[in-house]
Each structure stands twice: as structure tokens, then as C-alpha cells.
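J.: sequence unknown, structure follows:
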């Protein structure tokens with residue numbers, strides 16, 4: 001059975017991917033990947049996953065640039081290991097739980113696949129990731145938002161009003 005979150009995620013990923021492919025900019029698949037990885041049932045959880053993904057992207061990009069420029073003379077396995085160790089250390093200091101995984105993928109992909117075009121790949125990767133995160137957070141608010149919390153808080157408000165009336169009557 002298809003639930004609300006799955007349908008919202010599929011629509012948002014499809015719309016993001018469609019927009020990205022219309023632009024004809026390279027590496028447009030990162031929009032859909034960001035939407036899928038940030039998708040959650042609640043606004044707060046999606047916002048936190050998006051924050052961690054963006055921080056991991058920035059941290060991985062910075063360490064990739066520093067590590068590749070400073071350590072590319074070493075054997076590749078040693079340079080990658082040192083850079084990944086620094087990423088894990090700094091990710092732990094920043095309190096990243098899932099963001100360091102994204103940073104690790106950026107370090108590995110940048111080092112192995114995009115080493116000749118880091119100056120263009122890193123900004124595009126960040127742009128597509130940020131767009132995917134923004135699209136998913138907007139879709140949680142704009143497309144079929146969950147009304148359960150609003151109804152629950154409204155009922156708590158009604159209960160508090162009734163309690164106020166009851167206690168006022170008892171006090172008199």
C-alpha cells in the first residue's frame with residue numbers, strides 16, 4: 001500500500017529530477033539522491049537530515065580539496081585513508097551522524113573519478129544537493145502536509161479550556 005510519505009517523496013524526486021534534467025547541467029542525479037536521503041515522515045527529522053547532508057557535503061569538499069592537493073604525491077590508498085580519517089574525526093567533533101557518510105562519498109568520488117574537474121564538480125554537487133534538500137523540506141510543508149500534530153495540539157487546547165472552566169467553577 002502506498003502511504004503519504006512515499007507518494008510525496010516520489011513526486012518530489014521526480015519533479016526535482018525533471019527540473020535538473022531540463023537545465024542540462026552535469027551531475028543532476030544528486031537532486032533525486034538528496035530528496036530520497038532527506039525524506040522522512042516529519043518536518044524536524046527531514047530538516048535535521050538535510051542539515052547533516054549539507055554539512056557533510058561542505059566538510060567532505062573541504063577535506064577533498066586539502067587532501068588531494070597535499071597528499072596526492074603519496075600512494076592513493078594512504079592519501080585516501082588519511083583524508084577519510086580526518087573526515088571521521090571532524091565529523092564526530094561536529095556531531096554528524098549521517099553527514100560524514102556523504103562527506104566520505106565526496107572524498108572517494110572526487111579523488112577517484114573527478115580529480116581533474118574538482119573546481120566544477122564540487123560547486124555543482126553542493127548546488128544539486130542543496131536544491132534537493134530544499135525541495136523535500138518545501139514539499140513537506142506544501143504538498144499533502146500531515147495534519148495530525150495540528151489536530152492533536154488543538155484537542156489539547158480544548159482540554160485545557162475545559163479544565164480552566166471546571167477549575168474556575170470549583171474555585172467559586
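T.: Nice, I can see it. Note that the coordinates shown come from a computational prediction; the quantities given were computed from them, not determined experimentally.
J.: how distant is the biggest helix by length in the chain from the center of its chain?
T.: Ordering each helix of the chain by length in residues (DSSP state H) puts helix 43-71 first. Computed by C-alpha atoms, centre = their mean, to the nearest Å, the separation of helix 43-71 from the middle of its chain amounts to 10 Å.
J.: From the contact counts, what lies against that helix?
T.: When contacts are defined as 3 or more C-beta pairs under 8 Å, 6 or more residues apart in numbering; DSSP states H and E, helix 43-71 sits against helix 29-38, helix 76-93, helix 99-112, helix 118-142. For every residue, glycine as well, the C-beta is placed using N, CA and C.
J.: Buried residues, that helix. List them.
T.: Using 16 or more other C-beta atoms under 10 Å as the test for burial, helix 43-71 gives 46-50, 52-64, 67-68, 71.
J.: gap between the residue minimising distance to the centre of the chain and residue 114?
T.: Nearest to the mean C-alpha position of the chain, counting by C-alpha atoms, centre = their mean, stands residue 50 at 2.4 Å. Using C-beta to C-beta, to the nearest Å, residue 50 is found at 23 Å from residue 114.
J.: One more: residue 73?
T.: Plainly put, residue 73 is 19 Å away from residue 114 if you go by C-beta to C-beta.
J.: Which one's more surrounded, the two?
T.: Between residue 73 and residue 114, counting by other C-beta atoms under 10 Å, residue 114 is the more crowded of the two (19 against 7).
J.: State the number of residues packed around the nearest residue to the more buried one once chain neighbours are set aside.
T.: Nearest residue to residue 114, sequence neighbours excluded (C-beta to C-beta, 6 or more residues apart in numbering): residue 121, at 4.3 Å. When neighbours are counted by other C-beta under 10 Å, residue 121 registers 20.
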